[in-house]
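*Asks:* need a structure here:
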Amino acid sequence: MLRRTKIVATLGPASSDQKVLEQMIRAGVDVVRMNFSHGTAQDHMGRANTVRAAAKAAGRTIGILADLQGPKIRVRKFENDKITLEKGDKFILDASLDGLGNQERVGLDYKELPHDVDIGTVLLLNDGMLEFHVTGVKGTEVHCVVVRGGVLSNNKGINRKGGGLTAPALTDKDKEDIKTAALIKADFLAVSFPRSSDDMNLARELMHAAGGKSLLVAKIERAEAIPVLGEIIDASDVIMVARGDLSVEVGDAAVPGLQKKMIKMARARNKLVITATQMMESMINNPIPTRAEVSDVANAVLDGTDAVMLSAETAVGDYPVETIEAMARICINAEEETEDSAVNHRLEISKFTRIDQSIAMSALYAASHFKVKAIVALTQSGSTALWMSRISAGASIFAMTPMEATLSKVTLFSGVHPIAFKSDSKDHSVTLRQAEDELVRLGLVQDDDLIVMTVGEAIGQAGHTNTLKIVRVGDHRKN
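*Replies:* Residues are numbered from 1 along each chain as shown. Predicted coordinates:
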């Protein structure tokens, strides 16, 4: 069986060379994340072309995820690039300071901070490394006392403990970047810091207006998102468990439980999940992961995440290819420990409203009982493959489609592998035989293997899957 869990790798200086990207793709990358916090529209277009050229050279279909920057809630720069603060020091966050900061104060990118805090508010800077308590607000100045000190350097982030910052999820820059994402035909569009379904709905409207067809990814990283998690998931196609900022806002001890909750909620709603942040952090500088990182990745797989994501490890790390190889190895081993769940899956929790959905579930159930070699979905939109990906049936799922956009989209679906396939026949029995022969040609199945195949009688039309067939490979050539 091929690896089920998908790997998302972030593009950066360490991985921008096409040859390195080819190696990473061959090692197991399924989706490349482009961080829109860095670079111009022209840069993004060039990088997308490089990714697609590397994928073509490696002979694989690779998805592209455009990750919007979101609001910049950060301090500005210092005279000497950084300062050191001790417990008990007084410090001012000054929204009106245009010059460089010093030991007493620093400017802010986020000018609304004075309106979002009160006496007693806890501010966490640099991913929670420093802790400030607000002692007063005077005009544009937020006066603080340092509770946990350390080094504070240029452009470090600010979080309010427990949430409460009013910065909108989509900035003017993000709105322009959505147009760029549509232009490069990004397969996935990630929205940073959404607080409600309204943020996701607005992003979808802007993306459609720009001509884009990306699946929307909600990055769950604000405390405010947790109480309305269900509505955010419903308004999205994918959620990302963004453990960095989320950990700072809700507390690190709360994140593992929230991760499990988010994965479970998303899968129950037929939505995809990416687990992200510091999964293999030590491999930025080391050629092997720590035992804790191995367990972290494996547990995300065991929880049912669709994908695991690498950030700095592949963007600026010394071992981008080795990191991909290690992550792929961990995923495969963890998947061997998961139990087939289609047999015992409580189908009553899913109220079927479409024929193609019931066909997808029937295919999984049949595959589990017959122990088939593969499940084959001849699909236009990828919907049948998405439903199949929600439950492990112990067999690889091949999404065979002539649609380029669908091929790229299913790169994030757990257990689903894209295969470009086009049949000119309107007879679905002929199409199924052609698809079977193509799988044999690719070496994915062989004669006498049992496979489950689904297709629509209205061939070439999305949403019309209505036929399931259990096939013994090679029988049609014997008759």
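
*Asks:* Skip ahead from the helix ranked longest in the chain and say which helix or strand is next.
*Replies:* Taking DSSP state H as the criterion, the chain has its longest helix at helix 41-58. Counting by DSSP states H and E, the element after helix 41-58 in chain order, helix or strand, is strand 63-67.

*Asks:* that older thread, could you pull out the buried residues of the longest helix of the chain?
*Replies:* Using 16 or more other Cβ atoms under 10 Å as the test for burial, helix 41-58 gives 44, 47, 48, 50, 51, 52, 54, 55, 58. The C-beta positions use only the backbone N, C-alpha and C, and glycine is treated the same way.

*Asks:* Tell me the one of those nearest residue 195?
*Replies:* residue 44 (25.9 Å; Cβ to Cβ).

*Asks:* number of nearby residues for the residue nearest to that closest one when sequence neighbours are not counted?
*Replies:* Distances taken as Cβ to Cβ, 6 or more residues apart in numbering place residue 180 nearest to residue 44, at 5.4 Å, with adjacent residues excluded. Residue 180 has 22 neighbours, counted by other Cβ atoms under 10 Å.

*Asks:* close enough to count as contact, residue 180 and residue 46?
*Replies:* No: counting by Cβ atoms under 8 Å, residue 180 stays clear of residue 46, with 11.6 Å between them.

*Asks:* what domains does the record give for this protein?
*Replies:* 6-70+168-335, 82-160, 347-478 (automatic domain parsing).

*Asks:* To residue 76, which of the ones you listed lies closest?
*Replies:* The nearest among the domains of the chain, by Cβ to Cβ, is domain 82-160 at 3.7 Å.

*Asks:* measure that closest one end to end?
*Replies:* 21 Å (Cα to Cα, to the nearest Å).

*Asks:* And stretch 178-194, by the same measure?
*Replies:* End residues of stretch 178-194 are separated by 15 Å (Cα to Cα).

*Asks:* returning to what we had before: could you check the angle the longest helix of the chain makes with strand 63-67?
*Replies:* 160 degrees (axes from the mean of the first three to the mean of the last three Cα atoms, to 10 degrees).

*Asks:* and the domains of the chain, which one is worst for confidence?
*Replies:* Mean pLDDT values for the domains of the chain show the minimum at domain 347-478, a mean of 86.

*Asks:* any idea which helix or strand carries the residue most central in space within the chain?
*Replies:* What sits nearest the mean C-alpha location of the chain, by Cα atoms, centre = their mean, is residue 274, with 3.9 Å. Using DSSP H and E, residue 274 maps to strand 272-276.

*Asks:* same for that strand, what does it pack against?
*Replies:* If you count contacts as 3 or more Cβ pairs under 8 Å, 6 or more residues apart in numbering; DSSP states H and E, strand 272-276 packs onto strand 238-242, helix 243-250, helix 255-268, strand 307-310.

*Asks:* Would you mind giving the ones you listed as TSV with mean neighbour count and distance to residue 119 added?
*Replies:* Listed next are these as TSV, based on neighbours: other Cβ atoms under 10 Å; distance: least, Cβ to Cβ, whole Å:
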stretch	mean neighbour count	distance to residue 119
strand 238-242	26	30
helix 243-250	22	20
helix 255-268	18	28
strand 307-310	27	39
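
*Asks:* Which among the ones you listed is found nearest to residue 367?
*Replies:* Comparing these against residue 367 with Cβ to Cβ, the closest turns out to be helix 255-268 (18.2 Å).

*Asks:* Distance check, residue 268 against residue 474.
*Replies:* Residue 268 is 39 Å from residue 474, where distance means Cβ to Cβ, to the nearest Å.

*Asks:* one step back: ok so the residue nearest to residue 44 is a strand residue?
*Replies:* No: if the criterion is DSSP: H, G, I helix; E, B strand; the rest coil, then residue 180 is helix and not within a strand.

*Asks:* With just CA atoms, put the longest helix of the chain into PDB.
*Replies:* Taking C-alpha atoms only, helix 41-58 is exported to PDB below (Å, rounded to 0.1, in the frame of the first residue of the first chain):
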ATOM      1  CA  ALA A  41       3.600  38.800  -7.200                       C
ATOM      2  CA  GLN A  42       6.300  38.300  -9.800                       C
ATOM      3  CA  ASP A  43       8.300  36.200  -7.400                       C
ATOM      4  CA  HIS A  44       5.300  34.000  -6.600                       C
ATOM      5  CA  MET A  45       4.600  33.400 -10.300                       C
ATOM      6  CA  GLY A  46       8.300  32.400 -10.900                       C
ATOM      7  CA  ARG A  47       8.200  30.000  -7.900                       C
ATOM      8  CA  ALA A  48       5.000  28.400  -9.100                       C
ATOM      9  CA  ASN A  49       6.600  27.700 -12.500                       C
ATOM     10  CA  THR A  50       9.600  26.200 -10.800                       C
ATOM     11  CA  VAL A  51       7.500  23.900  -8.700                       C
ATOM     12  CA  ARG A  52       5.500  22.700 -11.700                       C
ATOM     13  CA  ALA A  53       8.700  22.200 -13.700                       C
ATOM     14  CA  ALA A  54      10.200  20.200 -10.900                       C
ATOM     15  CA  ALA A  55       7.100  18.100 -10.500                       C
ATOM     16  CA  LYS A  56       7.100  17.400 -14.300                       C
ATOM     17  CA  ALA A  57      10.700  16.300 -14.200                       C
ATOM     18  CA  ALA A  58      10.000  14.000 -11.200                       C
END
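
*Asks:* List of residues touching it?
*Replies:* 11, 16, 18-19, 21-22, 25-26, 32, 34, 36, 39, 61-62, 64, 66, 176-177, 180-181, 183-186 (Cβ atoms under 8 Å, 6 or more residues apart in numbering).

*Asks:* Of these, keep whichever come out buried.
*Replies:* So, by 16+ other Cβ under 10 Å, the buried ones in the contacts of helix 41-58 are 11, 21-22, 25-26, 32, 34, 36, 39, 61-62, 64, 66, 177, 180-181, 184-186.

*Asks:* element containing residue 334, please.
*Replies:* helix 320-335.

*Asks:* tell me which residues in that helix are buried?
*Replies:* 320-332, 334-335.

*Asks:* Now find how far off-centre it is within its chain.
*Replies:* When distances are taken as Cα atoms, centre = their mean, to the nearest Å, helix 320-335 is centred 17 Å away from the chain's centroid.

*Asks:* Now the element after it, going C-ward?
*Replies:* Beyond helix 320-335 on the C-terminal side, the first helix or strand identified by DSSP H and E is helix 355-370.

*Asks:* Just the buried residues of that following helix, please?
*Replies:* 356, 357, 358, 359, 360, 361, 363, 364, 365, 366, 367, 368.

*Asks:* Counting by contacts, list what the helix or strand just after that helix packs against.
*Replies:* Tracing the chain past helix 355-370, the next element assigned as helix or strand by DSSP H and E is strand 374-378. Strand 374-378 is packed against helix 355-370, helix 383-389, strand 396-401, helix 428-441, strand 450-456, with contacts defined by 3+ Cβ pairs under 8 Å, 6+ apart.

*Asks:* Thanks a lot, catch you later.
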